[in-house]
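>>> Provided below are the primary sequence and the corresponding predicted coordinates.
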Amino acid sequence: MRAVWLTGFGGPEKLVPGDAPDPVAGPGQALIEVAYVNITFVETQFRATGAGPYRPELPMIPGNGVGGVVSAVGPDVDPTLIGRQVVSSTGGSGGYAERAAVDAAGLFLVPDGLALDSAVALLADGRTATWLVHSAGLVGGERVLVEAAAGGVGTLLVQLARAAGATVVAAAGGPYKVGLARDLGADVAVDYRNPDWTDRVRAAVGGVDVIFDGVGGTVARAAFELLDRGGRMLSFGLASGEWANISEEAAERRGAQAIRPAMDPTRLRTFTESALAEAAAGRLRPSIGQRFPLHRAAEAHAAITSRTTTGKTLLTPH
């Protein structure tokens, strides 16, 4: 089969198309004919530095989120899964390929009425956004600032916060991304590349009660100054290359919280299923900004790291 190999840690050029042995569904596994692969920002960091929860042997096939049709199952796996459309994590590797053998217990059936590409786009980002809204304890009437509002998670946070009854302020980089966030339902949308962006937020809504921080760095530190007493900042990403690094003393002075919440692994499935169900019902719309054929995975990574992408980036093996 065709695949993309990570030959070393470094730039996007370390992703090299090539052949790989066809995987086989072992005990407890299902074999997926991959139609779409989702790329996460974390994967670009792993490619660049090797930072991650494990140290694989190189070369390896990266990729942690796939969607397609089950073509075979291993021993002790329900044979009625064959022919079903599913999305699944791979466990951290093996996704950038035409086929992937995955743990059958981790499969998610694609709900009726939801396109397969949308389901793949929601696999990682949908559960993250749903978990963040849950962790924030968001209630109607609160003012919510979403950083990186045109990204994969940010576009979903805008919609979920709006559905929860919040006043949504979207911060994104560049006019096109600002317009996308506004189209998704943001009440106020600002370009955080403008030096007075926080002044514009204050003029529109005063302070904010919740910040979903997907950028980190100077953007997040500026956003933190918008928090009113009792507010909370939840940091989940560092598109800038660094975390917000708000000290406990600074948070205490504002009477606010700056937290980096930890995902409860026992809730992963619940949050994923919730996102898929909301999308199937038409209440959540993933934004797929760009698609690349599998052999151009290096270009996809380069686009993400240059921050020229919007929404979700997918690879298409076929």
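Structure received.
>>> Which positions in stretch 70-81 come out as buried?
70, 72-73, 77, 81 (16 or more other Cβ atoms under 10 Å). The way it works is simple: take the backbone N, C-alpha and C, and place the C-beta from them, glycine included.
>>> Can you tell me the number of residues neighbouring residue 190?
22 (other Cβ atoms under 10 Å).
>>> That one: what's it in contact with?
When contacts are counted by Cβ atoms under 8 Å, 6 or more residues apart in numbering, residue 190 is found next to 169-172, 178, 197, 200-201.
>>> Scan these and report the most crowded one.
Tallying neighbours with other Cβ under 10 Å puts residue 171 at the head of the contacts of residue 190, with 34 neighbours.
>>> Off-centre distance for stretch 238-245?
How far stretch 238-245 lies from its chain's middle: 16 Å, per Cα atoms, centre = their mean, to the nearest Å.
>>> Let me know the average pLDDT across that stretch.
The pLDDT scores in stretch 238-245 average 86.
>>> Show residues contacting that stretch.
41, 148, 151, 213-221, 224, 233, 235, 258, 260, 307.
>>> does residue 4 sit in a helix, a strand or a coil?
With DSSP: H, G, I helix; E, B strand; the rest coil as the basis, the three-state label of residue 4 is strand.
>>> so who does it touch?
15-18, 61-63, 96-97, 294-295, 297-298.
>>> In JSON lines: those, plus neighbour count and secondary structure.
Converted to JSON lines, the contacts of residue 4 look like this (neighbours: other Cβ atoms under 10 Å; DSSP: H, G, I helix; E, B strand; the rest coil):
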{"residue": "15", "neighbour count": "23", "secondary structure": "strand"}
{"residue": "16", "neighbour count": "15", "secondary structure": "strand"}
{"residue": "17", "neighbour count": "15", "secondary structure": "strand"}
{"residue": "18", "neighbour count": "12", "secondary structure": "strand"}
{"residue": "61", "neighbour count": "20", "secondary structure": "coil"}
{"residue": "62", "neighbour count": "28", "secondary structure": "coil"}
{"residue": "63", "neighbour count": "27", "secondary structure": "coil"}
{"residue": "96", "neighbour count": "31", "secondary structure": "coil"}
{"residue": "97", "neighbour count": "27", "secondary structure": "strand"}
{"residue": "294", "neighbour count": "20", "secondary structure": "helix"}
{"residue": "295", "neighbour count": "17", "secondary structure": "helix"}
{"residue": "297", "neighbour count": "27", "secondary structure": "helix"}
{"residue": "298", "neighbour count": "18", "secondary structure": "helix"}
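>>> Name the nearest of those relative to residue 3.
residue 97 (3.8 Å; Cβ to Cβ).
>>> okay, now the nearest residue to the closest one once chain neighbours are set aside: neighbour count?
Spatial nearest neighbour of residue 97, excluding adjacent residues (Cβ to Cβ, 6 or more residues apart in numbering): residue 3 at 3.8 Å. Residue 3: 26 surrounding residues under other Cβ under 10 Å.
>>> right, and residue 3 touches residue 98 too?
Yes - at 7.0 Å, residue 3 and residue 98 qualify as touching, with contact defined as Cβ atoms under 8 Å.
>>> sorry, back to before: of the contacts of residue 4, closest to residue 316?
Nearest member of these to residue 316, counting by Cβ to Cβ, is residue 294, at 6.7 Å.
>>> where does that closest one land on pLDDT?
98.
>>> Return the distance of residue 65 relative to residue 4.
According to Cβ to Cβ, to the nearest Å, residue 65 stands 14 Å off from residue 4.
>>> tell me the helices in the stretch 101-250 of the chain, going along the chain?
116-136, 152-163, 175-183, 197-205, 217-224, 248-254 (DSSP state H, counting those that start in this stretch).
>>> Go through these and pick out the most buried.
The highest average neighbour count among the helices of the stretch 101-250 of the chain, using mean count of other Cβ atoms under 10 Å, belongs to helix 152-163 at a mean of 28.
>>> Extract the C-alpha trace of it and format it as PDB.
Coordinates of each C-alpha in helix 152-163 appear next as PDB, following Å, rounded to 0.1, in the frame of the first residue of the first chain:
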ATOM      1  CA  GLY A 152     -10.100  23.300  13.800                       C
ATOM      2  CA  VAL A 153     -11.000  23.500  17.500                       C
ATOM      3  CA  GLY A 154     -11.700  27.200  17.500                       C
ATOM      4  CA  THR A 155     -14.400  27.000  14.800                       C
ATOM      5  CA  LEU A 156     -16.200  24.400  16.900                       C
ATOM      6  CA  LEU A 157     -15.800  26.400  20.100                       C
ATOM      7  CA  VAL A 158     -17.400  29.400  18.500                       C
ATOM      8  CA  GLN A 159     -20.500  27.300  17.600                       C
ATOM      9  CA  LEU A 160     -20.700  25.400  20.900                       C
ATOM     10  CA  ALA A 161     -20.300  28.500  23.000                       C
ATOM     11  CA  ARG A 162     -23.000  30.300  21.000                       C
ATOM     12  CA  ALA A 163     -25.300  27.200  21.400                       C
END
